[in-house]
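> below are the sequence and a predicted model; questions follow.
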Amino acid sequence: EEVSNFEKVVPVAPAEMAQKRLVRKLAPLFDCFVSDAFSAAHRACPSMIGFQEVLPSAAGELFFKEVQVLSKILEEPERPSIFILGGAKISDAFGMMEQVLEKGTADKILTAGVTGVIFLLASGKHVGKTYETWLKDRQFDQFIDDAEKFLKEFPGRILLPVDLAYEKDGERVEVKVEDLPIDEGSFLDIGHATMELYDAEIQKAGSLFINGPAGVYENELFEDGTQSIWESVAQSPGFSVIGGGYSVQAAGKYIDLDKIGYVCTAGGAMVRFMTGETLPLIAAMERKKD
C-alpha cells in the first residue's frame, strides 16, 4: 500500500488512507504524529497523509525550515532574484518556470544543460542534426513550444547560452552559438563566454535558486560550466538555495556547502513546491490544524 500508485492511478482520500494497514496497525501504539519528511511531501501515501486523520499531528523543525526558506524565495525574494536551471530533467525546469515568471518571482532565469539547448532551438537556432535527433528520441523536443511561449511573453528575462562545448578527438571544443549548427556530436556543457555572462548576473543577485548542473560534470571534459557556476554562487553576496540530489552532489564536489545559504533536503518535493502546488503532506497538516 505504501508504494502503490495512489497518487496517479487510484486516487484515495485522506480519510481512506487512515484505513490502510500501516496506519491501522501503528496509530494505536502512539500518542502523536510528527512529520519531518518534507523531501517526501509530494507523495500521497499512508505514511504521509494517513496518520493526521487519527492522531494529534505536527510538523517537525526541518519541515518548518524547508517551507519557510522556499516560501521566502517564492514570495519575498531579495532582488534581483536569479533562477539557474540546468540538468537533463527539464520537466522540473519547465514546471517551475511558468510559475516564477508569471508571478515575478524570478527577475531572470539563466538556462544551461538540456534546458539551455531547448531554448536555443525555441529562439530559432539550429544546433546540429546529431544533437537534435538525440533530443527528439527522448521527447525533449516537446518543450520547444513552451520555451517559445516564455521567450515571447517574458522578453529579456531568460538568458540563453552564448557558446557550447562538445568533444572532438578526445578534446573539449567550444563553439559560439552564432556559428551553429554543426554536426560534431552532443553539446554537454556551456562554454566559457557563457560562464562569464552568468557570473556577472550571479554577482548582482540578491537571491539565487539553483536546480540542475550546467553540463555532464561527471566527465572532466564537461565539468567547467558546473564548477564555474557553483564557484560564482559561493562568491555571490546573494542568499542562495539549492536542492535536488544532482545539484547538491555537484555543489559539494566544487565548493564548501557552508557557502550556500540553504541546502534543501528535497528534490521532487522542492520542484513541486516551487511550481506553486500544495503538496499532499502540507495539505494533510493544514487540514489537521483546521
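Alright, I've got the coordinates.
> CA only for contacts and neighbour counts going forward, please
Noted.
> surely I242 touches Y262?
Yes. I242 lies in contact with Y262 (C-alpha atoms under 8 Å); the separation is 6.6 Å.
> what ranges do the helices span in the stretch 151-290 of the chain?
For the stretch 151-290 of the chain, the helices defined by DSSP state H, counting those that start in this stretch occupy 192-203, 224-235, 245-254, 268-274, 280-289.
> returning to that earlier point: in terms of packing, which of I242 and Y262 has more residues around it?
Higher neighbour count among I242 and Y262: I242, with 25 against 18, using other C-alpha atoms under 10 Å.
> state the distance from the more buried one to S207.
I242 is 11 Å from S207, where distance means C-alpha to C-alpha, to the nearest Å.
> shared neighbours of those two, anything?
Common neighbours of I242 and S207, using C-alpha atoms under 8 Å, 6 or more residues apart in numbering, do not exist here.
> picking that back up, can you put the helices of the stretch 151-290 of the chain in TSV and add mean pLDDT, distance to A165 and mean neighbour count?
As requested, the helices of the stretch 151-290 of the chain are exported to TSV (pLDDT from 0 to 100; distance: least, C-alpha to C-alpha, whole Å; neighbours: other C-alpha atoms under 10 Å):
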stretch	mean pLDDT	distance to A165	mean neighbour count
helix 192-203	98	9	19
helix 224-235	97	9	22
helix 245-254	91	18	17
helix 268-274	91	28	20
helix 280-289	90	41	17
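> which among those is found nearest to F30?
helix 280-289 (16.8 Å; C-alpha to C-alpha).
> if we can go back for a sec, indicate which one of the helices of the stretch 151-290 of the chain is closest to L29.
Here helix 280-289 is closest among the helices of the stretch 151-290 of the chain (C-alpha to C-alpha), at 19.5 Å.
> show me what the closest one is packed up against.
In this structure, helix 280-289 makes packing contacts with helix 46-49, strand 57-59, judged by 3 or more C-alpha pairs under 8 Å, 6 or more residues apart in numbering; DSSP states H and E.
> of all those, which one is nearest I90?
helix 46-49 (26.8 Å).
> for that closest one, give me every contacting residue.
For helix 46-49, using C-alpha under 8 Å, 6+ apart, the contacting residues are 1-2, 14, 17-18, 20, 22-23, 35, 40-41, 280-281, 284-285.
> hmm, 10 Å instead?
1-3, 6, 12-24, 35, 37-38, 40-43, 52, 280-285 (C-alpha atoms under 10 Å, 6 or more residues apart in numbering).
> quick one: contacts for G276?
G276 touches 71, 74, 95-96, 99-100, counting by C-alpha under 10 Å, 6+ apart.
> no no, G267
38-40, 42, 92, 211, 242-248, 273.
> tell me the one of those residues nearest L110?
Nearest to L110 among the contacts of G267, with distances taken as C-alpha to C-alpha, is N211, at 10.7 Å.
> what's the neighbour count on the closest one?
When neighbours are counted by other C-alpha under 10 Å, N211 comes out with 24.
> what bridges to the nearest residue to it once chain neighbours are set aside?
By the measure of C-alpha to C-alpha, 6 or more residues apart in numbering, the closest residue to N211 outside its immediate chain neighbours is L85, 5.2 Å from it. Under DSSP bridges, the beta-bridge partners of L85 are T111, N211.
> wait, L85 sits on G212?
Yes. Using C-alpha atoms under 10 Å, L85 is in contact with G212, at 5.9 Å.
> which residues are common contacts for the two?
92-93, 111-115.
> just name the most buried of the helices and strands packed on helix 280-289.
helix 46-49 (a mean of 23; mean count of other C-alpha atoms under 10 Å).
> okay, and the common contacts of I242 and Y262?
70, 209.
> low-confidence stretches in the stretch 51-200 of the chain?
Along the stretch 51-200 of the chain, no part satisfies pLDDT under 70.
> strands of that one, start to end?
With DSSP state E, counting those that start in this stretch as the criterion, the stretch 51-200 of the chain has strands at 57-59, 81-85, 108-111, 158-159, 163-168, 171-176, 189-190.
> got a markdown table for these, with distance to D31 too?
Shown next, in a markdown table, are those (distance: least, C-alpha to C-alpha, whole Å):
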| stretch | distance to D31 |
| --- | --- |
| strand 57-59 | 9 |
| strand 81-85 | 42 |
| strand 108-111 | 46 |
| strand 158-159 | 50 |
| strand 163-168 | 57 |
| strand 171-176 | 60 |
| strand 189-190 | 53 |
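> nearest to I182, of those?
strand 171-176 (9.0 Å).
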